[in-house]
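Engineer: sharing a model prediction with you, sequence too.
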Amino acid sequence: MKIHLIAIGGAIMHNLAMELHDNGHEVTGSDDAIYDPALSRLRAKGILPAEMGWHPERIHSGLDLIILGMHARHDNEELIRAQQLNLNILSFPEFMFRHAKDKTRVVIAGSHGKTTTTSMVLHLLRSAKIDADYLVGAQLEGFGNMVRLSDAPIAVFEGDEYTASPLDLRPKFLHYQPHFTVITGIAWDHINVFPTHDLYKHQFELLAEDTLSRGTLIYYEEDPDLKAIADRHPGKKIGYTALSYSVEEDECYVLINNQKVPVHFFGKHNFENMCAAYHVVRQLGMTDRQFIKGIRTMPGPARRLEVIRENNHHVTYFDFAHAPSKVDATVRAVRERYPHRKLIAVLELHTFSSLNKDFIPQYAHSLDEADTAIIFYNPATAIAKQMDIAEPAFLVDAFKRNDIQIIMETNVLRSSLLNMPLEDTVLLIMTSGNFGGIDVRKELGSNLK
């Protein structure tokens, strides 16, 4: 087939483009900007657009399919041309469902933990030699393209609640019609699309109701909103909490079937994710013995609590955490792992939600477990997003911590990071941005003493 992807540079879209190319399709695409790693990966496959921007002349009647990414706008020139030519236009969730309509479909959804849980499921299936297609929004260790299209009997999708495309404002996960769904928890996010908590929560209720019409809902039962949703709808449901675990010296263990199994990650939230993954793979036919074998070799979650510096008296973690629930879980996990060390937590507010003054109070108490808490808030980022600037006093009040430090200049942040006292400490850096251009891995990894 001849397939053109509008907004080819997205996390899922560029992986889908590469997988289609690898499967023998003729793939082209467009985007107004493409950054690494997508840029280098598309170039290596020979499918990087020759120039950036939208080019309606690339859209012609010889195309078999247009796959439309969310990054494109409804008035995109290429999209308009495709509509004029009456071409077949699908969002990537619609395309993935059509590919997987005859497979056993699994969706991993939730406001937090879905990438980690999906990666755990995929590792366990691979360990047990159970073949599966998949779609994941982050690069996982040991995998190539993060979209797989094959004749495997199972499809595992990370289920994003964000809208499917500019032509379809339903959440992506409502397209997949799953037989098994995990919902890890509900914590209001994407305020630009779901302006109220109730509207956001309703999307997960729709997913739960749809799943229970044909299959099994696996849900985190300590989330009150999620528990209420599960109680309202009849059908097959499995509630879960955290697998039993212990933290001893420099090791963490899962306790299962009277066995103490060492694992490469820590934090209660990760043992909750592991329990969700356990129920998924058991539903897909794995045994406890296969599960135990799989978790022995399971890597730590990608982009989660990555160690960028460590010696006998200090460790620095870099974590892709931004939503309030993720920040809170990450800080608590590190505190549990290092109860006797000083914990310094640094958080960048970067996303649309985290810069929104109506949303920022959702972060209240999320940094309480840290001995020292620092917020990096770049006013230029808020201005670029056409948002009101949150003043330091507002941030202090929103986080409900009077001693929190607010840094609003990149040079001040760099100096603070490089000159911190690090004896018997843990430095936890959390962001989905770039700290105003600071290469954290390079600068801290090479300069922290």
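Structural biologist: All right, it came through fine.
Engineer: report all helices and strands that the top strand by length along the chain contacts.
Structural biologist: In the chain, ranked by residue count with DSSP state E as the criterion, the top strand is strand 342-349. Helices and strands touching strand 342-349, by 3 or more CB pairs under 8 Å, 6 or more residues apart in numbering; DSSP states H and E, are helix 324-337, strand 372-377, strand 425-430. The C-beta positions use only the backbone N, C-alpha and C, and glycine is treated the same way.
Engineer: so where is this protein shaky, pLDDT-wise?
Structural biologist: 249-250, 300-303, 445-449 (pLDDT under 70).
Engineer: how is it divided into domains?
Structural biologist: 2-87, 95-296, 306-447 (automatic domain parsing).
Engineer: just send the helices and strands packed on strand 342-349 back as CSV, with mean neighbour count and distance to Leu5 too.
Structural biologist: Below are the helices and strands packed on strand 342-349 laid out as CSV (neighbours: other CB atoms under 10 Å; distance: least, CB to CB, whole Å):
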stretch, mean neighbour count, distance to Leu5
helix 324-337, 22, 29
strand 372-377, 22, 34
strand 425-430, 23, 32
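Engineer: show me the strands in the stretch 201-350 of the chain, by range?
Structural biologist: 216-220, 236-240, 245-248, 251-256, 259-263, 306-311, 314-319, 342-349 (DSSP state E, counting those that start in this stretch).
Engineer: tell me the spacing between Gly239 and Ile218.
Structural biologist: When distance is defined by CB to CB, to the nearest Å, Gly239 is 8 Å away from Ile218.
Engineer: who's more crowded, these two?
Structural biologist: Ile218 (29 against 15; other CB atoms under 10 Å).
Engineer: that one and His322, how far apart?
Structural biologist: For Ile218, the distance to His322 - CB to CB - is 25 Å.
Engineer: over to Met298?
Structural biologist: Per CB to CB, Met298 is found 24 Å from His322.
Engineer: off-centre distance for stretch 104-121?
Structural biologist: Between the centre of stretch 104-121 and the centre of its host chain there is 9 Å, according to CA atoms, centre = their mean, to the nearest Å.
Engineer: can you list the strands that the host helix or strand of Ile406 pairs with?
Structural biologist: Here Ile406 is covered by strand 405-407, with elements defined by DSSP states H and E. In the sheet, strand 405-407 lines up against strand 372-377 (parallel) (DSSP bridges).
Engineer: in the next helix or strand along the chain from the partner strand, what's buried?
Structural biologist: Toward the C-terminus, strand 372-377 is succeeded by helix 379-384 as the next helix or strand (DSSP H and E). For helix 379-384, the buried set under the neighbour-count rule, 16 or more other CB atoms under 10 Å, comprises Thr381, Ala382.
Engineer: with stretch 264-280 instead?
Structural biologist: So for stretch 264-280, counting by 16+ other CB under 10 Å, buried means 265-280.
Engineer: nearest residue to the middle of the protein?
Structural biologist: In the chain, the centroid-proximal residue (CA atoms, centre = their mean) is Thr115; its distance is 4.7 Å.
Engineer: out of the strands of the stretch 201-350 of the chain, which is closest to Lys129?
Structural biologist: Proximity to Lys129, assessed across the strands of the stretch 201-350 of the chain by CB to CB, is greatest for strand 259-263 (19.8 Å).
Engineer: now the angle between strand 251-256 and the closest one, please.
Structural biologist: Per axes from the mean of the first three to the mean of the last three CA atoms, to 10 degrees, the angle that strand 259-263 makes with strand 251-256 is 140 degrees.
Engineer: what comes into contact with strand 259-263?
Structural biologist: Outside strand 259-263, the residues that touch it by CB atoms under 8 Å, 6 or more residues apart in numbering are Tyr245, Ser246, Glu251, Cys252, Tyr253, Val254, Leu255, Met274, Ile292, Ile295, Arg296, Met298.
Engineer: neighbours around the closest residue to Ile292 other than its chain neighbours, how many?
Structural biologist: Spatial nearest neighbour of Ile292, chain neighbours left out: Val261 (5.7 Å); criterion: CB to CB, 6 or more residues apart in numbering. Val261 sits with 18 neighbouring residues when counted by other CB under 10 Å.
Engineer: likewise for Asp439?
Structural biologist: Asp439 has 11 nearby residues by other CB under 10 Å.
Engineer: distance check, it against Gly433.
Structural biologist: 12 Å.
Engineer: before we move on, what about Arg304?
Structural biologist: With CB to CB as the criterion, Arg304 and Gly433 are 16 Å apart.
Engineer: end-to-end on stretch 220-234?
Structural biologist: Across stretch 220-234, the terminal residues are separated by 17 Å (CA to CA, to the nearest Å).
Engineer: go through it and flag the buried ones.
Structural biologist: Those would be Tyr220, Asp223, Asp225, Leu226, Ile229, Ala230, for stretch 220-234 by 16+ other CB under 10 Å.
Engineer: can you check stretch 206-222 too?
Structural biologist: Leu207, Ala208, Asp210, Thr211, Leu212, Gly215, Thr216, Leu217, Ile218, Tyr219, Tyr220.
Engineer: same list, these, but as a markdown table with distance to Met1 please.
Structural biologist: Below are these laid out as a markdown table (distance: CB to CB, whole Å):
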| residue | distance to Met1 |
| --- | --- |
| Leu207 | 30 |
| Ala208 | 35 |
| Asp210 | 29 |
| Thr211 | 31 |
| Leu212 | 35 |
| Gly215 | 30 |
| Thr216 | 34 |
| Leu217 | 35 |
| Ile218 | 35 |
| Tyr219 | 38 |
| Tyr220 | 40 |
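Engineer: from those residues, pick the one nearest Asn419.
Structural biologist: Set against Asn419, the nearest of those by CB to CB is Tyr220 (40.6 Å).
Engineer: any idea what that closest one is bridged to?
Structural biologist: Using DSSP bridges, the beta-bridge partners of Tyr220 come out as Tyr240.
Engineer: from Ser325, how far off is it?
Structural biologist: 11 Å.
Engineer: so what sits against both of those two?
Structural biologist: Joint contacts of Tyr220 and Ser325 (CB under 8 Å, 6+ apart) are Gly185.
Engineer: coming back round to it: restrict the contacts of strand 259-263 to the buried ones and give me that as a ChimeraX selection.
Structural biologist: To isolate in ChimeraX the members of the contacts of strand 259-263 that are buried, counting by 16+ other CB under 10 Å, one can use:
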select :245,252,254,274,295,298
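Engineer: from the contacts of strand 259-263, which two are the most distant?
Structural biologist: Of all pairs drawn from the contacts of strand 259-263, the greatest distance, 17.0 Å, lies between Ser246 and Met298 (CB to CB).
Engineer: pretty sure Phe352 is touching Asp189, no?
Structural biologist: No: under the criterion of CB atoms under 8 Å, Phe352 is not in contact with Asp189, lying 9.8 Å apart.
Engineer: thanks again, I'm all set now.
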